[in-house]
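Trainee: coords please:
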Amino acid sequence: MQRPPGSPPALHTHAGLAAAVLAGSWMARGAPAARAADATRLGVDAEYNHYTNVNRAALDGEERSDDSIGLEAHATRSFLLSDRSGIVVRGGLKAREFLEFGDLGSLGLAGRVAWRLQPTLGYTSPWIELAAGAEAFKFRDSDIRDGGLANVSASVGRHATDRIRIEGGAGYEHRFASEGAVFDLSNTRVWGTLDYRLNASATLYGAATWLKGDQVFTLSNRASWGNLYAYADASAPDPVFASAFSAMPWAYRVQAKTWLFDLGANIALAGNQALDIGASLFDAKADQGGGSYDGATFRVAWLYRLR
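Mentor: Residues are numbered from 1 along each chain as shown. Next up, the predicted model:
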């Protein structure tokens, strides 16, 4: 699923985790990888989210909450290169509707390709993955958010036991803004994930991500923000949230360090369906000026694989 429109890069990672939990690690299982490469796998994800700070407000009392409904249709194909390596290609169409701040509604087109190598065959043997992705998105009525993004990453993972799967990596992401410079963002990120399979139908997962780079802070009462706005690399009025304040909110792009924590559970249902429930917690602090924001996203998603 798509990250919350207008959010900083990499603040919406749970969908990838959920998909990995549902689909499994195709290269780490050896022989099944060959079967996985025989056909294109199709899927549909429907997701409901609640955001406690959808506007990324930097001042106490200016946080605004909202709810969204998202839908994604995607296709995945695996190509086995050898008994130790392969490529996975994925593409998807996305749509998201916000209930309160409707101008954040968006359509998106995304693609990703990953090359995975398992030097030594075996269920608990580690694998290496190199990946690249791109996405284009159009918002209902927020031109400063329109544009696209590109990212690259490298990671290492393994099944520690038949119940525990761990992975860690680093990546770089750049978001391109088609109008203005506020949402022209670059971030470097480092992350680690842990999946724990409770039984045949339920898996718990968690992730911690550290980001260094650009984040977008918003505020209505600029006079109360001290000198932080003076350190912004770009700024622009943000009418998306104007209905919630007496003065026009502004969006500021600043250098910051951000922590993102993700916790969830993936529960297999009948057929090729699964239920994903979880929460994401984020905390961003500007490098200069003292500004910060935090918040949480709570989600429920239904995942369906057609084949």
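Trainee: show me the shaky parts of the stretch 201-307 of the chain.
Mentor: Scanning the stretch 201-307 of the chain for pLDDT under 70 picks out 222-228.
Trainee: mind listing the strands for the stretch 51-200 of the chain?
Mentor: 66-80, 85-98, 106-117, 127-139, 147-159, 164-177, 185-197 (DSSP state E, counting those that start in this stretch).
Trainee: for residue 245, which of the ones you listed is the nearest?
Mentor: strand 66-80 (14.3 Å; C-beta to C-beta). The way it works is simple: take the backbone N, C-alpha and C, and place the C-beta from them, glycine included.
Trainee: packing partners of that closest one?
Mentor: Secondary-structure packing of strand 66-80 (3 or more C-beta pairs under 8 Å, 6 or more residues apart in numbering; DSSP states H and E): helix 32-36, strand 41-51, strand 85-98.
Trainee: in CSV: the strands of the stretch 51-200 of the chain, plus distance to residue 268 and mean pLDDT.
Mentor: Formatted as CSV, the strands of the stretch 51-200 of the chain follow (distance: least, C-beta to C-beta, whole Å; pLDDT from 0 to 100):
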stretch, distance to residue 268, mean pLDDT
strand 66-80, 18, 97
strand 85-98, 21, 97
strand 106-117, 23, 98
strand 127-139, 23, 98
strand 147-159, 18, 97
strand 164-177, 16, 97
strand 185-197, 11, 98
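Trainee: can you lay out the helices and strands packed on strand 66-80 as JSON lines showing mean neighbour count and distance to residue 186?
Mentor: Putting the helices and strands packed on strand 66-80 into JSON lines (neighbours: other C-beta atoms under 10 Å; distance: least, C-beta to C-beta, whole Å) gives the following:
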{"stretch": "helix 32-36", "mean neighbour count": "16", "distance to residue 186": "34"}
{"stretch": "strand 41-51", "mean neighbour count": "18", "distance to residue 186": "24"}
{"stretch": "strand 85-98", "mean neighbour count": "18", "distance to residue 186": "22"}
